[in-house]
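Q: Build the 3D model from these lines:
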Amino acid sequence: MLEITQDLVDDIHAHLESAHPEEGAGFLLGSADAARRVVTAILALPNSGADVARHNRYLLTPQDMLRAEDEAERLGLDMIGVFHSHPDCPNVPSEFDREWAMPWFSYIITRVDAGRAVSSRSWRLSDDREKFAEEEIIIR
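A: Now for the predicted structure:
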């Protein structure tokens, strides 16, 4: 289960809408234990992917990861996941998403149609990296 406030969902949607028609992305910061994950901050970042690929790929660089780790540490939080958009297509993980995902992260994927966020779903990759399972999102 992934808990997040409506304000943070709104911030995620605003960032991803502004990136449309390209994919937008960022990190989820918060706390996690075996049963519950709580997002208490996000770090929205530019898509560093090649121009021709940004419409269906996002790239968060090693420098972005370090920036997110520094921000999480500054706030006394952990990096618990990634959010990104799927412009004008379903918000289910792609094969590319599976290849680059980490099993210990939550992945919020937001469908953005014609520049408007339509819906968000969260996913967790299995430890064997074979498939994603949908994770319930609780908005508080």
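Q: any idea which helix or strand of the protein has the worst average confidence?
A: Within the chain, judged by mean pLDDT, DSSP states H and E, the helix or strand with the poorest mean is helix 95-100; its value is a mean of 92.
Q: quick check, distance from the helix or strand just after that helix to the centre of its chain.
A: With elements assigned by DSSP states H and E, the helix or strand that comes after helix 95-100 is strand 106-113. If you compare the mean C-alpha spot of strand 106-113 with that of the full chain, they lie 7 Å apart, counting by C-alpha atoms, centre = their mean, to the nearest Å.
Q: Other residues contacting strand 106-113?
A: For strand 106-113, contacts defined as C-beta atoms under 8 Å, 6 or more residues apart in numbering pick out 2, 12-13, 16-17, 19-20, 24, 28, 37, 80-93, 97, 101, 117-125, 132, 135, 137. For glycine as for every other residue, the C-beta is placed from the backbone atoms N, C-alpha and C.
Q: How far does the least confident helix or strand of the chain sit from its chain's centre?
A: Between the mean C-alpha position of helix 95-100 and that of its chain there is a distance of 13 Å (C-alpha atoms, centre = their mean).
Q: which of the residues in that helix are buried?
A: Neighbour counts using 16 or more other C-beta atoms under 10 Å place 97-98 of helix 95-100 among the buried residues.
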